[in-house]
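Asker: My questions concern the predicted model and sequence given below.
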Amino acid sequence: MADHPELSPDHLTINVTRRDDPVFEVTEADAFASLRTYPDIVVRGPMFGLAEQRRGDRPRWRLLGEMDSGFPQMARDELNSHLWFMAKDDTDDRAVRRSLLAAVARLETEPVDEVSAAGVRYRVVRADEFARIGGGRLEPPRPTDVDSDDWDPNAPEPPCDDGFVIDHAAAVGLTEGLGRASLLSLSYTSSRFPDDVRADSRRALTSHPGVVLLPPAFRAMERKEASWSMVTGLHATPQGARRSLVHHLTVSLPRLGKADEKEALVHARAADRFAERTRPNELVVRGRRFDIVRVERVMRVGPDGPEKPRPSDADAYGPSQMHPAMDESGVITYGA
């Protein structure tokens with residue numbers, strides 16, 4: 001704090017408040033009870049996404065899409081497409097289009113994590129995914145988490161993260177404030193992580209000392225003998241994860257040839273029984289146990305905003321041209 005004698009900057013401020021609101025009180029009590037039941041955390045690893053900072057938002061950043069990419073380059077590719085389609089569909093101004101296409105050109109050839117275009121800063125950002133654990137069980141959805149009973153596989157689902165404002169100083173309840181304070185010193189220490197990963201994690205404690213919790217998300221996980229494995233992607237609601245688990249068992253496994261006709265029938269019957277229950281969070285079929293798990297993501301924040309990918313965050317591939325060439329008039333040139 002000696003570096004900021006006049007006023008604590010936003011990235012170091014945790015603003016705890018109490019609202020005279022029955023819903024807020026119930027949510028706080030629910031969160032406190034959950035932290036006592038599931039006091040420890042299991043870190044899965046980093047996820048990546050995009051954030052933008054517009055002139056009127058400074059110093060805050062806003063998530064652009066979902067934080068669900070497993071590699072930084074996947075997020076860079078997403079940004080490449082986002083800017084290219086903006087240049088194609090969202091402007092008739094040649095100067096704006098030139099600026100957008102200049103950023104696209106960089107993203108096609110360089111693994112850059114931040115570009116500016118048409119007065120907006122765009123950044124590839126990272127967050128660590130973790131789940132809380134207690135008594136050998138990962139935390140299930142909380143009673144106060146937004147949920148539904150809709151089993152329609154085509155039911156629309158709200159976004160997890162799109163539009164979320166990364167505001168370290170935003171007012172939060174006591175339980176979230178305590179939870180964030182407990183995560184300030186979180187770093188990779190296990191020997192299962194390579195040396196460079198652990199070193200980058202330690203450096204982040206200083207370069208990005210603040211933490212922000214993203215909205216909770218939900219996955220279906222399979223419990224192994226001494227670990228868990230992911231079955232579905234991230235969902236904004238527990239019901240979205242339940243529907244995805246049913247689809248995995250009844251559609252994906254047979255389609256991929258991982259379940260014969262007899263197994264497919266067993267899975268279908270188990271899925272039907274699962275769907276007959278009220279907001280179920282556990283399914284056992286043929287000795288395999290599947291849980292609906294509450295997932296949290298913590299993003300580190302520094303003086304200039306959310307953390308970018310670290311040097312040790314590996315990529316499976318590099319940048320490339322993803323779309324046809326376009327000129328400042330919006331004319332697209334397709335290859336032969």
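Answerer: That came through, no problem. Numbering: from 1, shown residues only.

Asker: middle-most residue in the chain, spatially?
Answerer: Met67 (3.3 Å; C-alpha atoms, centre = their mean).

Asker: ok, that one touching Ala127?
Answerer: Yes. Contact status for Met67 versus Ala127: in contact at 5.6 Å, counting by C-beta atoms under 8 Å. Every residue, glycine included, has its C-beta placed from N, CA and C.

Asker: what touches both of those two?
Answerer: Common neighbours of Met67 and Ala127, using C-beta atoms under 8 Å, 6 or more residues apart in numbering, are 47-49, 214, 297.

Asker: Sketch out the low-pLDDT regions of the stretch 151-300 of the chain for me.
Answerer: By pLDDT under 70, the stretch 151-300 of the chain contains no weakly predicted segment.

Asker: Does Pro311 touch Asp196 like I think?
Answerer: Yes. Counting by C-beta under 8 Å, Asp196 is a contact partner of Pro311 at 7.1 Å.

Asker: just to revisit the earlier point, quick one, what contacts the residue nearest to the residue nearest to the centre of the chain when sequence neighbours are not counted?
Answerer: Sequence neighbours aside, Gly49 is the residue nearest to Met67 in space, at 3.7 Å (criterion: C-beta to C-beta, 6 or more residues apart in numbering). Contacts for Gly49 (C-beta under 8 Å, 6+ apart) come out as 63-69, 75, 78, 124-125, 127, 161.

Asker: coming back round to it: any idea how far the residue nearest to the centre of the chain lies from Ser312?
Answerer: Going from Met67 to Ser312 by C-beta to C-beta, to the nearest Å gives 19 Å.

Asker: same deal with Val120?
Answerer: 29 Å.

Asker: For this protein, which segments count as strands?
Answerer: For the chain, the strands defined by DSSP state E occupy 40-53, 61-63, 114-117, 120-134, 137-138, 165-166, 210-213, 217-223, 228-230, 282-285, 288-302, 305-306, 325-326, 332-333.

Asker: residues making contact with the second one?
Answerer: Contacts to strand 61-63, defined as C-beta under 8 Å, 6+ apart, come from residues 49-54, 123, 125, 161-166, 214, 305-306.
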